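> Starting from these lines, generate the structure:
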Amino acid sequence: VVSLTVGIVIPRLFIVNLGSEVNGLISSVGQVFSYVGLLETGIGATVTQALYKPIVENNHMQINRILSASDRYYKKIGYIYIGCVCIVAIIYPIIVTSNIPMWQITCVVIFSGLGNAINFLLQQNYVVMLSAEGRGYITTNLNLAVNILVSFTKAILLLNGFNIVVVMSAQFVLTLLRILFMRIYMQREYRWITTKEEPDFSALSQRKYVMVQQLSYFVYSNTDVMILTLFSSLEMVSVYTIYNLIIGTMESVVWAFTSSFVFALGQLYNQDRGEFKRIYSIYDSGYMTIVFSLFTVVYLCILPFLSVYTRGVRDINYIDERLAFLFVALKMVTTLRSQSQNSVNFAGGFKETQRSAVIEMVSNIVISIVGIQFIGIYGVLIGSIISTFYRGISVTNYVNKNILHYSKKEAIRKYVRWGIYCAVFIIISSIVKTIIPTTVDNYVQWIMIALPITVGSIIIYGVLWFIIDKKTVSDAWKFCVSKIKKEG
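Numbers count the residues shown, from 1 in each chain. Model (predicted):
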């Protein structure tokens with residue numbers, strides 16, 4: 001909660017103290033280095049999938065052989081990344097249209113990029129190992145602690161009038177501390193891990209297929225900001241970033257609810273396919289219920305929240321009903337797609353689903369570039385929604401047929417459930433929007449609106465889940481009770 005709170009507060013401090021242009025610059029530079037991060041595409045997911053089986057078998061030798069192979073890749077990536085940071089630091093200040101001094105832009109680029117390069121050189125191999133073993137919470141908790149420290153440091157510096165260069169240099173130093181703590185933890189808890197074994201590059205043979213999948217997701221995640229940077233303004237990038245930040249916070253909440261299931265499903269797939277299908281049905285149905293209940297709250301409450309959050313900002317308008325709807329629609333489609341994509345990752349079905357990934361990637365870019373010429377930022381979001389929806393349907397169909405082996409009746413039931421949830425979302429939103437105000441005067445008023453909406457949304461979708469899927473709800477209850485008794 002603290003991390004999510006400060007993550008929302010800091011951008012406001014940037015906007016109020018340094019302006020929307022600086023906030024847009026930080027987001028734009030971050031997206032540039034996301035493109036550089038394509039160097040890693042395909043490695044992380046491939047290594048994670050390859051590690052599931054030897055971890056289940058407690059085969060330390062094979063784990064070390066896989067990690068030795070991935071370490072070779074990450075070292076190369078780290079050195080190339082450093083070179084890219086130098087190139088971007090020279091070129092970016094020249095091509096971007098901005099009133100910010102060029103030397104400050106160069107420093108922002110350097111401090112933003114070097115931390116990622118060092119991460120690849122010294123830490124990323126450990127992150128993948130912890131994720132595959134179900135200890136991703138170690139990485140999450142470490143990142144949480146460091147991010148809170150970074151946020152408080154930024155707040156202090158911004159409130160005391162320091163410029164963007166000082167703020168970003170402080171973030172870089174604290175990033176190095178995170179890497180140091182991770183290495184200390186791994187050397188203490190995993191003394192048997194070594195990257196000196198003979199590398200098993202065959203374990204990473206699916207990397208090129210995974211690369212296509214991740215390129216598609218990358219385009220979804222990063223192209224919007226880059227297109228806005230090239231065809232719009234840094235102020236509009238700031239608007240996009242703020243909506244994405246707030247709604248993305250709810251994505252983090254959804255992930256917190258479901259992340260413990262993901263690694264368990266990955267290992268279960270390699271142990272007992274029948275049990276995997278049963279547990280996946282619980283995960284899939286419950287996940288959908290959580291997504292719709294929480295994003296209904298987001299859609300109804302985001303504009304009142306932004307009316308307080310952006311108060312005092314005069315350089316651009318952040319309150320936009322159409323943006324709120326399009327962002328929520330995009331995030332709902334994305335989170336619902338991700339559960340099927342996880343199954344593809346478990347089963348290693350990367351080659352079989354790469355065609356739809358390519359179509360998603362190309363359609364996203366083309367529709368967004370055409371759309372922005374006619375309807376601005378709305379066109380960019382519509383392009384992302386259309387391409388992501390197509391990908392979601394395609395991947396879900398593949399999973400239903402080839403991994404879960406659903407009958408036509410079971411597959412249709414799943415789509416019917418989606419349709420019912422969408423209809424309820426539209427009905428609830430239409431009714432409540434006529435009652436609540438678009439703007440409020442302070443956060444207390446916003447909380448008084450958000451609390452009853454949240455409680456009501458959870459109750460409505462919870463009851464709906466029970467009505468349309470009693471068997472799965474019963475299985476979910478029995479599963480939770482057995483887990484509690486087992487751990488108790």
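> right, and the helix or strand after whatever helix or strand residue 10 lives in?
Using DSSP states H and E, residue 10 sits within helix 2-18. Note on helix 2-18: by DSSP H and E, the next helix or strand toward the C-terminus is helix 20-36.
> contacts for the helix holding residue 10?
22-23, 26, 144, 147-148, 151-152, 154-155, 158-159, 161, 163-164, 238, 241-242, 245-246, 249, 252-253, 309-310, 312-313 (CB atoms under 8 Å, 6 or more residues apart in numbering). All C-beta atoms are positioned from the backbone trio N, CA, C, and that covers glycine.
> Just the buried ones from those?
22-23, 26, 147, 151, 154-155, 158, 163-164, 238, 241-242, 245-246, 309-310, 313 (16 or more other CB atoms under 10 Å).
> Okay, and which of these map to helices?
Among the buried ones among the contacts of helix 2-18, the ones falling in helices (DSSP state H) are 22-23, 26, 147, 151, 154-155, 158, 164, 238, 241-242, 245-246, 309.
> hmm, which two among those residues are most spread apart?
164 and 246 (22.1 Å; CB to CB).
> Of the ones in helices among the buried ones among the contacts of helix 2-18, just say which sits nearest to residue 66.
residue 147 (29.2 Å).
> so where is the stretch 101-250 of the chain shaky, pLDDT-wise?
In the predicted model, the stretch 101-250 of the chain carries pLDDT under 70 at residues 206-221.
> residue ranges of the helices in it, please?
Using DSSP state H, counting those that start in this stretch, the helices of the stretch 101-250 of the chain run over residues 102-122, 124-132, 136-159, 164-189, 207-231, 234-269.
> Please identify the buried residues of the last one?
Which is helix 234-269. 234-247, 250-251, 254, 258-259, 261-263, 265-269.
> what do you get for stretch 345-365?
Quick answer for stretch 345-365 (16+ other CB under 10 Å): 345-350, 353-354, 356-357, 360-361, 363-365.
> now that stretch, how far from the centre of its chain.
Offset of stretch 345-365 from its chain centre (CA atoms, centre = their mean, to the nearest Å): 18 Å.
> Dump that stretch to CSV, restricted to CA.
The C-alpha coordinates for stretch 345-365 follow below in CSV (Å, rounded to 0.1, in the frame of the first residue of the first chain):
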residue,chain,number,x,y,z
ASN,A,345,4.4,-20.1,-20.8
PHE,A,346,3.9,-23.2,-18.6
ALA,A,347,3.4,-25.5,-21.6
GLY,A,348,6.1,-23.9,-23.7
GLY,A,349,3.6,-23.3,-26.5
PHE,A,350,5.6,-20.3,-27.9
LYS,A,351,6.0,-21.5,-31.4
GLU,A,352,2.4,-22.4,-31.9
THR,A,353,1.1,-19.0,-30.8
GLN,A,354,3.7,-16.7,-32.5
ARG,A,355,1.6,-16.0,-35.5
SER,A,356,-1.1,-14.2,-33.4
ALA,A,357,1.7,-12.4,-31.6
VAL,A,358,3.1,-11.0,-34.8
ILE,A,359,-0.4,-9.9,-36.0
GLU,A,360,-1.0,-8.2,-32.6
MET,A,361,2.3,-6.3,-32.8
VAL,A,362,1.9,-5.1,-36.4
SER,A,363,-1.8,-4.1,-36.0
ASN,A,364,-1.0,-2.2,-32.8
ILE,A,365,1.6,-0.1,-34.5
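> what's downstream of the helix or strand containing residue 425, the next helix or strand?
Using DSSP H and E, residue 425 maps to helix 408-433. With elements assigned by DSSP H and E, the helix or strand that comes after helix 408-433 is helix 443-468.
> who does that following helix touch, helix- and strand-wise?
helix 273-309, helix 408-433, helix 470-487 (3 or more CB pairs under 8 Å, 6 or more residues apart in numbering; DSSP states H and E).
> Tell me which of those sits most buried.
Ranked by mean neighbour count under mean count of other CB atoms under 10 Å, these are led by helix 273-309, which reaches a mean of 20.
> From the chain's centroid, how far away is the next helix or strand after that helix?
Downstream of helix 273-309, the next assigned helix or strand under DSSP H and E is helix 321-347. From the chain centre to the centre of helix 321-347 is a distance of 10 Å (CA atoms, centre = their mean).
> Ok, stretch 151-168 next?
26 Å.
> wait, residue 302 sits on residue 247?
Yes: using CB atoms under 8 Å, residue 302 is in contact with residue 247, at 6.9 Å.
> okay, and the common contacts of the two?
By CB under 8 Å, 6+ apart, the residues touching both residue 302 and residue 247 are 327-328.
> Mind checking the helices and strands packed on helix 443-468 for the one nearest to residue 37?
helix 273-309 (26.5 Å).
> Let me see the mean pLDDT of the closest one.
For helix 273-309, mean pLDDT rounds to 87.
> just stretch 412-420 next, same as before
88.
> ok, back up a step: just name the closest of the buried residues of stretch 345-365 to residue 380, please.
For the buried residues of stretch 345-365, the nearest to residue 380 is residue 364 (9.4 Å; CB to CB).
> After the strand or helix carrying the closest one, which helix or strand is next?
Residue 364 is part of helix 354-375, with elements assigned from DSSP H and E. Of the helices and strands lying after helix 354-375 in sequence (DSSP H and E), the nearest is helix 377-398.
> still on that earlier bit, looking at the helices of the stretch 101-250 of the chain, spot the one closest to residue 199.
helix 124-132 (11.9 Å).
> Could you give me the buried positions within the closest one?
124-132.
> tell me which of the residues you listed is nearest to residue 46?
Out of those, the member with the shortest distance to residue 46 (by CB to CB) is residue 128, at 9.4 Å.
> how much space between the closest one and residue 62?
Look at residue 128 and residue 62: by CB to CB, to the nearest Å, they are 15 Å apart.
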